[in-house]
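Sequence first, then the predicted structure, then my questions.
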Amino acid sequence: MDLFEINLTAVIQLMSFLFLLWMLKRLLYDPFFSMIEKRRQKIEGELAEAEQIRREAEKMRKEAEKLLAEANQRAQSIISKAEAEAEQIVESAKQKARIEAEKIKQEAAMDVERQKQEVFQQIQSVATELAVSMAMKILKGTLDEKAKREYLLKFLREHER
């Protein structure tokens with residue numbers, strides 16, 4: 001029965017060991033594990049915060065890209081409108097130049113026609129005077145004054161047409 005005998009020293013050692021474990025747990029392990037748990041929670045919180053910041057940064061990046069695309073689209077639209085307006089202005093200037101050139105051309109043609117008519121009238125006047133002069137010389141001796149006047153008026157009427 002020695003095996004089952006209660007040894008007082010063993011019991012005291014067991015009690016001392018349990019007390020030591022309880023004291024270590026209370027004074028060392030609990031604060032240590034509490035500190036580790038707080039550190040883990042802090043790290044998890046910081047990781048969650050970093051993830052949230054990353055999501056916000058990604059959202060802002062996408063928004064900035066969207067705004068940049070919209071700005072590029074607006075700029076392209078403005079450039080297209082400006083090019084269209086410039087083309088329209090150039091076409092309008094060309095049309096005005098064509099109209100002005102046609103007007104100048106018509107005025108020049110009218111001026112040439114007017115000058116032609118003036119020259120023709122001058123030639124006709126000179127020819128008439130020449131014809132009258134020649135007729136007067138021819139008729140000088142053969143017709144009287146009244147007949148000369150009638151012949152001259154008849155000649156002038158015929159050449160006025």
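Sure, I can see it. Computed from a prediction, not measured in an experiment: that's the story for all the values here.

tell me the mean pLDDT over stretch 62-78?
On average, the pLDDT along stretch 62-78 is 95.

ok, so what distance separates the residue positioned nearest the centre of the chain from residue 22?
The centroid of the chain falls nearest to residue 79 when counting by Cα atoms, centre = their mean (1.7 Å). To residue 22, residue 79 is 82 Å away according to Cβ to Cβ, to the nearest Å. No exception for glycine: its C-beta is placed from N, CA and C like everyone else's.

Low-confidence stretches in the chain?
1-4, 130, 133-144, 159-161 (pLDDT under 70).

Now do the helices in the protein.
8-24, 30-139, 145-160 (DSSP state H).

centre of the chain versus the second one, how much separation?
I take that to be helix 30-139. 8 Å (Cα atoms, centre = their mean, to the nearest Å).

And that helix, what does it pack against?
Judged by 3 or more Cβ pairs under 8 Å, 6 or more residues apart in numbering; DSSP states H and E, helix 30-139 is in contact with helix 145-160.

Which strands or helices does the helix it packs on pack on?
By 3+ Cβ pairs under 8 Å, 6+ apart, helix 145-160 packs against helix 30-139.

what's the angle between the helix it packs on and helix 8-24?
20 degrees (axes from the mean of the first three to the mean of the last three Cα atoms, to 10 degrees).

circling back to that earlier point, roughly how far does the residue nearest to the centre of the chain sit from residue 102?
Taking Cβ to Cβ, one finds residue 79 at 34 Å from residue 102.

Next: residue 32.
103 Å.

cool, residue 56 as well?
68 Å.

do the same with residue 18
121 Å.

next one: residue 42
88 Å.

and what of residue 54?
Residue 54 is 71 Å from residue 102, by Cβ to Cβ.

cool, and residue 35?
98 Å.

Then residue 81?
31 Å.

ditto for residue 55
70 Å.

Also residue 33?
For residue 33, the distance to residue 102 - Cβ to Cβ - is 101 Å.
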